[in-house]
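Student: Predicted model and sequence follow; I will ask about them next.
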Amino acid sequence: MSDWSPLLAVFLVLPLTAAVLTPAVCRSSSTRGWAWTLVTMLVTSVIGGVLIARVATRGPFSYVVGGWTAPYGIELRFDEFSAVVAIICLLGVLAIVFSRRYAERALQAERIPYYYALLLLNLTGMLGFTVTGDLFNLFVFLEILSLSGYALVAISGEKIAEMAAFKYLVMGAISSLMVLFGTGMLYALTGSLNMADITSRLAGATQTPLIVALGAMTLGFMVKAALFPLHVWLPDAHAIAPSPVSAILSGLVVKVGIIGMLRLYQIAYGSGAVDLAGLNLVLTWLGALAIVMGAFFAVFQDDIKMMLAYSTISNIGYIVMGLGLASTYSVIGASVHVFNHALIKATLFLGAGALIHQTGKRTLTDLAGIGKAMPFTVAAISIGAISIVGIPPTAGFLCKWYIALGAMQAGHPFFGFALVFGALLIFIYYIRMVNAFYFREPRDRAAVDVQEAPATMLIPVLVLAILCLVMGVLGRLPLTFIEPAVERLLMPVGGG
Amino acid sequence: MIDALWQNLDYAASVVLFCIGLYTVITRENLIKKFMGLNIMETAVFAFIVALGVVEGGDAPIAGSGATPPFINPLPQALILTGIVVAVSTTALALSLIIRIWRQCGTIEADELREVE
Amino acid sequence: MKRALTAALLVAVAALLLAAVAELPPHGSPDSPPYTHVSAYYLEHGPDEAGAENMVTNVILNYRGFDTQGEVTVIVTAMLAVLAVLLWTGQAEGDRPGPAPTATGSSLVVRFIVRVMAPFIAVFGIYVILHGHVTPGGGFQGGTMIGALVIALTLVLEDTRSAALLPRRPARLLQVAAPLTFFGVGVIGLVLWGEYLYYPRDPSSLWITELLLLVIEAGIGLGGAIVIATIFRVMGAQR
C-alpha cells in the first residue's frame, strides 16, 4: 500500500468529527452551521473523488485502521461498489445548499444547528457503511445513520412527524438487531468479523445456522430498504420529513439496505458455502411485487411527496429484482440503478420541496397550473419524471433496460413483463403530475401566483436535472465501471 | 437435536427471550411497553453474543492479575459494550419521541393514536 | 386474535432459530472458532503489544478502536437527536439547564443519602475510568457512574444549584469530548507514525501507548457523563 491509503480513514473521521462539532460552531447563527457543514462535505467529496479515481485506475484497495493486519484490526475496503460514495457526496452537498433557505422557513430556529449536525452525521454514516469491510463496524455505522435518520424525520414539526419517526425507529431498531444477530451467528461459525476473512472461512460451515444467519441479515436489510411487505414505515416518514431530508432518505438511506445485501452476496457467493437459489427466487418475486404494488399505491396519492415516497418503494423493487435474478446484466443494471435512482429521486424531492416552500401547498390539486409561475423548477421536475419512467435519452433508461435483459438472460422473461408493466403504471402517475403542473387550470389562482424559487434552491434542482440528462447520454460509463466487480461477485457460481 | 440444544442452552435461552421481546413489540399498544419489548430483544441478542465468548473454566481476560489461562474471549465483551451504548442511544431517542407524542396527542396508546391521525 | 396469530408465528420463528443455534459449535468449548481464530491472537499478543493488561480494553481501544470511535459518535448522535426532538419554541431549554425536577418531591432521607454518597460515587467513578486498563472497567462504565451522580444530584438539589453542575458554555464542548479525544489521538498517530489511531507496539515505547489509552479513557468518561446528564436534563425539563 502506498503512503496515502490512510486517506480512507480520514475520509470518514473528518466529517464524523466535524458533524459533532456543528452545534458548538454554529451557536445561534444558522448561516455559520450551513457554511461549516457545506465546507466539510466539499472537502469530503474531494477526498472521495481521489479514492474513486484510484479504484478506477488500480482496482479495489483497503486500509486497516491502526496499522494492524486484516482480521485483527478493522479493515476499510474500497471497491467498485463503494463508488456509490460519489452520489452520497453529491447529494449531500446539494441537499445542504438547498437547506439554506428551506430550513429557515420550515424549521424552528433552535433546531437548525442540530438539523445540520444530524444531516452530516447521516451522510457520514452512509459513507462509513459503504466503505467498511468489517461486519461489526458495518453495524456501528448503520446505527449512526439510522439514529440520525429517525431524528431528521421528527425534526420537521409536522403534526404526526413524531409518530412517523417512532414507527420508523421501531422497525429500524428491529432490523438493526437482526443484522447484529446474524453477525453474531457468523462470528460463532467463523470466529471472525472481517468480511473477506469470513468469506474464506465459511466453506464447510454447518448449513442451518449459516442459512439462518444470512436470512436474518437479509431480512434486516430488506426492512432498511423498505422492500414491499416491509415498507409500512416508509411513506409517512419520507413524506413528512423536510424535503432535503426526504431526498436523502429516499435517494440514499433506503439504498443502504441494498448495499448491505450486496455485501452479503459477496460473502455468500465468495465462500460458495451456501446455495442461494431459494433466496434469489424470493427476492425476485418480492421485487416484482414491490414494483407493481408501489406504483399502484402511488397512482392514488394526491400529496406530491407521498406519491414520490411510494415511487421509491416501486424503484427499490427494480433493484431487488435485479439482484434476485442474479445474472450479470441484471446485477449491473441494479447496481447502476442504485446510483441513478438516487439522482432522479433527489431531483424530484428537491423540486417538490421548492414548490412546497414557495406555495405552502403540497397536493397535486392545489399545485395545478404551477408551471407558469415556476418554469425552471417544474421543468427540472419534468426531466426527473421522464427519467424515472425510463424514457430513452435519460438516466433511468439504461439500467431498467439492463435489468430486463438480465431477466431474459436468467431465463425468466415473465419478470421482464412485470418490469414493463410497472413502468407503465409509473408512466401514468408521473404523466398525471406533469399534466397537472402544466396544463390544468389552477384551482386557486392566488395560491400559484408565486415567484420562482430562490437561487440556493433552484441551482441544486437544476444541477440534478442536468445530471439526469448527462447520465442518460453517458449511461455506459457507470455500467462498464461496475462490470468487473459484478463479474467477480458472480464468478464462483458461474452466473452470466 | 435435544442434546445439542441442551449443550447450547444459553443460546436457546436468548432465542426464547428474543421471541418474547418481539411478541411484546407486536401486541402491546402502549408505546413505552412496545419499546420495552424492543429492549428485551436487544438484551437477548447481547446475551447471545456474550455467551459466544464463554469458555469452560475460563478466567477474566486480565493478564497479571493472578488470573490464569484459559481466559474468557474478550472480543464479544468488547462488541457488546458498543452494543449497549447503541441500545442506550436508541432508548433515549425513543423516549424523547414518546414525550413529544404525549404532549401533542395526549395519549401514547397506538390504537388511540391511529384515531387521532 | 392478533395475539394468537402473533404467538403462533413467533413459535415458528423460535423453532427455526432453535434449530439453528443447536447446530452452532458447542457452548463453552475451547475448540470453537470464536475461541481459536481472532481472539486467540488477542489473548496471546495483547498484553505485549497493545498496552493494557485488561484484554477487553485492548480490543476496545486498540485493535478495534475505530469501532469505539463510531460508538462514541453514536451516543453523541443520540444526544443531538434528543435535543433536536425536544427543543420547541416556548420551552426552548436547549443545553441551557431548564427547570429540572426539583427537590420538592424527594424526602429528607433521599436527600441525605445522595449527599453523603456523592463524593464516594465520584471517586469510584474516576477510579473505574482511570483503572480500566488493569481492572474491569473503563471510560464508559465510569462515565455512566458520574452521569448517574449528576442525575441524582439534580434530583435533590434546588434548581439554581443543580444548574451549576452543568454550566452551559463548557458543556457544549465537553459533550463532544469523547469523539474529539479519539480524533486527536488518531491524528497524533497519523502524524507521528503514519497510521490513523496507531499506538506504538515495541516494549520500549509501550508507555506512550498506555498514556494515550489513558487519555482516551478520560475523554470517553468525561464525554459520556456529560452526554447522559444532558439527555436527562432536557428530558426532565419536559413536563
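Tutor: Structure received.
Student: CA only for contacts and neighbour counts going forward, please
Tutor: Fine.
Student: Confirm residue A:17 sits in a helix?
Tutor: Yes - counting by DSSP: H, G, I helix; E, B strand; the rest coil, residue A:17 is found in a helix.
Student: Assess the claim that it and residue C:182 are in contact.
Tutor: No - proximity of residue A:17 to residue C:182 does not meet the contact threshold set by CA atoms under 8 Å, at 9.2 Å.
Student: Surely residue B:17 forms part of a strand?
Tutor: No - under three-state DSSP, residue B:17 falls outside any strand and is assigned helix.
Student: Please verify my assumption that it contacts residue B:39.
Tutor: No - the criterion here is CA under 8 Å, and residue B:17 misses it with residue B:39 at 10.6 Å.
Student: coming back round to it: give me the more crowded residue out of residue A:17 and residue C:182.
Tutor: For the pair residue A:17 and residue C:182, the greater number of neighbours falls to residue C:182 (28 against 23), based on other CA atoms under 10 Å in any protein chain shown.
Student: where's the more buried one relative to chain A, distance?
Tutor: Here residue C:182 is placed at a distance of 9 Å from chain A (CA to the nearest CA, to the nearest Å).
Student: How about residue B:21?
Tutor: For residue B:21, the distance to chain A - CA to the nearest CA - is 10 Å.
Student: list the contacts for the residue lying closest to that residue once chain neighbours are set aside?
Tutor: Closest residue to residue B:21 apart from its sequence neighbours, by CA to CA, 6 or more residues apart in numbering or on different chains: residue B:37 at 4.3 Å. Residue B:37 is in contact with B:20, B:21, B:22, B:23, B:24, B:25, counting by CA atoms under 8 Å, 6 or more residues apart in numbering or on different chains.
Student: How about the residues of chain B by chain A?
Tutor: Residues of chain B lying near chain A by CA under 8 Å from any CA of the partner chain: B:35, B:38, B:41-42, B:45, B:48-49, B:52, B:79, B:86, B:90, B:93-94, B:97-98, B:100-101, B:104, B:117.
Student: Would you mind trimming these to those in range of chain C?
Tutor: Subset of those in contact with chain C: B:52, B:79, B:86, B:90, B:93, B:97, B:100, counting by CA under 8 Å from any CA.
Student: By neighbours, which of those wins?
Tutor: residue B:52 (32 neighbours).
Student: In contact with that residue, which residues?
Tutor: By CA under 8 Å, 6+ apart, the residues touching residue B:52 are A:188, B:76, C:27, C:28, C:34.
Student: is it true that residue B:107 lies in a strand?
Tutor: No - using three-state DSSP, the assignment for residue B:107 is coil, not a strand.
Student: you'd agree it is up against residue B:115?
Tutor: No - in this structure residue B:107 lies outside contact range of residue B:115 using CA under 8 Å: 10.9 Å.
Student: Between those two, which is the more surrounded one?
Tutor: Using other CA under 10 Å as the criterion, residue B:107 and residue B:115 rank with residue B:107 on top: 17 against 7.
Student: how much space between residue C:157 and residue C:124?
Tutor: According to CA to CA, to the nearest Å, residue C:157 stands 21 Å off from residue C:124.
Student: before we move on, what about residue A:395?
Tutor: The gap separating residue A:395 from residue C:124 is 61 Å, by CA to CA.
Student: do residue B:70 as well
Tutor: Residue B:70 is 30 Å from residue C:124, where distance means CA to CA.
Student: For residue B:55, grab phi and psi.
Tutor: phi -130, psi 140 (degrees, to the nearest 10).
Student: How about the contacts made by it?
Tutor: So residue B:55 contacts B:70, B:71, B:72, B:73, C:27, C:28, C:29, C:30, C:35 (CA under 8 Å, 6+ apart).
Student: which of those residues count as buried?
Tutor: B:71, B:72, B:73, C:27, C:28, C:29, C:30, C:35 (16 or more other CA atoms under 10 Å in any protein chain shown).
Student: Tabulate these (JSON lines), appending secondary structure.
Tutor: Putting those into JSON lines (three-state DSSP) gives the following:
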{"residue": "B:71", "secondary structure": "strand"}
{"residue": "B:72", "secondary structure": "coil"}
{"residue": "B:73", "secondary structure": "coil"}
{"residue": "C:27", "secondary structure": "coil"}
{"residue": "C:28", "secondary structure": "strand"}
{"residue": "C:29", "secondary structure": "coil"}
{"residue": "C:30", "secondary structure": "coil"}
{"residue": "C:35", "secondary structure": "helix"}
